[in-house]
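Peer 1: here is a sequence with its predicted model. Questions after.
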Amino acid sequence: MSSLGIASILGLLVSLIPVIIFIVVIFFIVKTVKGFEKRADEKLALEREQNAILQRKLNELDGRVSVIENVLKEVE
C-alpha cells in the first residue's frame, strides 16, 4: 500500500507539472510586460519634460523676435 501511495503522489505531481510551468511562464510574461510599461512611462515623462523646455525656449525666442521687430519699426 505504501508503494501505491507514492505512485499516486508521483502521478499527481507529474500531472501538475504542466500547470506549474504554465503559471511560471505567465508570471514571467506579466513581469516583462510591466517592465516595458514602466520604461515606456519613464520615456513619456522625459519627452513631456523636454517638450515643456522646448516650448519655454520657443516662447522666449518669440518674445525676443517681437522686441526686435518693434525696434526695427521704431527705426523706420
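Peer 2: Looks like it came in fine.
Peer 1: measure Arg39 to Val33 for me?
Peer 2: 11 Å (CB to CB, to the nearest Å). (Each C-beta comes from the backbone N, C-alpha and C, glycine too.)
Peer 1: tell me the mean pLDDT for the helix or strand that contains Ile53?
Peer 2: Taking DSSP states H and E as the definition, Ile53 sits inside helix 2-75. Averaged over helix 2-75, pLDDT sits at 92.
Peer 1: check which helices and strands it sits against.
Peer 2: Of the remaining helices and strands, none touches helix 2-75 by 3 or more CB pairs under 8 Å, 6 or more residues apart in numbering; DSSP states H and E.
Peer 1: now stretch 57-74, how far from the centre of its chain.
Peer 2: 40 Å (CA atoms, centre = their mean, to the nearest Å).
Peer 1: alpha carbons of it, as CSV, please.
Peer 2: What follows is stretch 57-74, C-alpha atoms only, in CSV (Å, rounded to 0.1, in the frame of the first residue of the first chain):
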residue,chain,number,x,y,z
LYS,A,57,12.6,78.3,-25.2
LEU,A,58,10.3,78.9,-28.2
ASN,A,59,8.2,81.4,-26.2
GLU,A,60,11.4,83.2,-25.1
LEU,A,61,12.7,83.4,-28.7
ASP,A,62,9.2,84.6,-29.9
GLY,A,63,9.4,87.4,-27.3
ARG,A,64,12.9,88.4,-28.4
VAL,A,65,11.8,88.5,-32.1
SER,A,66,8.8,90.7,-31.1
VAL,A,67,11.2,93.1,-29.3
ILE,A,68,13.5,93.2,-32.4
GLU,A,69,10.5,93.8,-34.7
ASN,A,70,9.3,96.7,-32.5
VAL,A,71,12.8,98.2,-32.5
LEU,A,72,13.0,97.9,-36.3
LYS,A,73,9.6,99.5,-36.7
GLU,A,74,10.7,102.4,-34.5
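Peer 1: Ile6 and Leu12, how far apart?
Peer 2: For Ile6, the distance to Leu12 - CB to CB - is 11 Å.
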